[in-house]
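**Q** Sharing a model prediction with you, sequence too.
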Amino acid sequence: MNATVKASPGELIQLLRVFNSIHPVVKGVEQFLQKNIYRCSLVKGKYLVRDGEVCDSIYFINKGLLRGFIREDEKEITTWFALENELVAAISTFAQGHPTREYIQAIEDCELLAMKITDMDRLYARYPSFNIVGRKVMELYYYLAENRAYITRLHDAEKKYELYLRYFSHFANRVQVTYVASFLGMSIETLSRVRAKKSLT
C-alpha cells in the first residue's frame with residue numbers, strides 16, 4: 001500500500017494521545033511525526049501486506065479492524081486481530097527486513113496512519129526518550145503474543161474460548177465466527193457448541 005498524503009494534525013490526535021499515555025512525548029517528537037506520518041485507507045477484504053512482500057511501514061489504526069493470518073495449503077490460519085489505537089506491522093520485516101510470511105487483511109473498512117520503518121529508526125536516534133515508548137509498546141505486544149500462544153496450545157475447547165473472552169473480549173462482537181474458530185484452532189462446529197453451552201450458564 002502506498003501512503004502519500006500527509007496526515008493532518010487532527011488525524012494525529014489519537015496517536016499522540018496513545019503515545020503520551022505510555023510516556024510523555026516531547027515537542028520535537030510531535031513535530032517529527034507531523035512531518036513523517038501519512039494517512040491511508042483500506043477497504044474491507046483488501047490486504048495491507050501479503051506473504052512474500054516486504055512491509056516497509058508501521059501502521060496505527062485510527063478506525064477499523066485488521067487480522068493477521070498465514071496459509072497452509074488452502075487453509076487460512078488466523079493468528080491475531082488488531083483494532084483502533086493499536087499498531088501493526090509485519091514483524092519479520094520490522095525486526096529483520098525479511099519478506100513476511102503472513103497476510104494482513106482488513107475485516108472492516110480501515111483508516112490508518114503510516115510511517116516508514118526507516119523514519120521510525122531516525123526518530124529513535126534523534127529523540128532517545130522516544131525509545132521508552134518503543135520499548136513499552138514492544139513489552140505490551142510481547143505480552144499479548146504470549147497470551148495468544150498460550151491459548152492456541154491448550155486442548156480444552158471451553159478453556160480456549162474462556163481465555164479468548166478474558167483477553168480479547170473487545171473483539172467479541174466484531175470478528176466473524178469463522179475467524180475466531182481459526183484463531184482458536186478449532187472447527188466452527190466446536191466453537192458453536194462451546195458458545196451455546198456458555199450461553200446456558
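**A** Received, thanks.
**Q** Asn80: helix or strand, and which one exactly?
**A** If you look again at residue 80, you'll see it is Trp, not Asn. In this structure, Trp80 is located in strand 75-83 according to DSSP states H and E.
**Q** Partner strands of that strand and their direction?
**A** Next to strand 75-83 in the sheet, as set by DSSP bridges, lie strand 65-72 (antiparallel).
**Q** Residues touching the partner strand, excluding its own?
**A** Contacts with strand 65-72, where a contact means Cβ atoms under 8 Å, 6 or more residues apart in numbering, come from 42, 48, 51, 76-83, 88, 101-108, 110, 171, 174-175, 179, 182. Where C-beta positions appear, they are placed from N, C-alpha and C, glycine not excepted.
**Q** For ChimeraX, what selects the buried ones among these?
**A** Selecting only the buried members of the contacts of strand 65-72 in ChimeraX, with burial defined as 16 or more other Cβ atoms under 10 Å, works like this:
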select :42,48,78,79,80,81,82,83,88,102,103,104,105,106,107,108,110,171,175,179,182
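**Q** Please enumerate the helices of the protein.
**A** Applying DSSP state H to the chain gives helices spanning 13-22, 27-36, 91-96, 117-126, 130-153, 157-168, 177-184, 188-200.
**Q** Adding mean pLDDT and distance to Arg71, write those helices out as TSV.
**A** Compiled in TSV, those are given as follows (pLDDT from 0 to 100; distance: least, Cβ to Cβ, whole Å):
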stretch	mean pLDDT	distance to Arg71
helix 13-22	95	31
helix 27-36	95	33
helix 91-96	75	15
helix 117-126	95	24
helix 130-153	92	17
helix 157-168	92	22
helix 177-184	94	11
helix 188-200	89	18
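**Q** Out of those, which gets nearest to Asn62?
**A** For Asn62, the closest of the helices of the chain is helix 13-22, at 6.1 Å, according to Cβ to Cβ.
**Q** on contacts alone, who are the packing partners of that closest one?
**A** Secondary-structure packing of helix 13-22 (3 or more Cβ pairs under 8 Å, 6 or more residues apart in numbering; DSSP states H and E): helix 27-36, strand 57-63, helix 130-153.
**Q** now the helices of the chain as TSV including distance to Ile70?
**A** Conversion of these to TSV gives the following (distance: least, Cβ to Cβ, whole Å):
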stretch	distance to Ile70
helix 13-22	28
helix 27-36	31
helix 91-96	11
helix 117-126	21
helix 130-153	12
helix 157-168	19
helix 177-184	10
helix 188-200	19
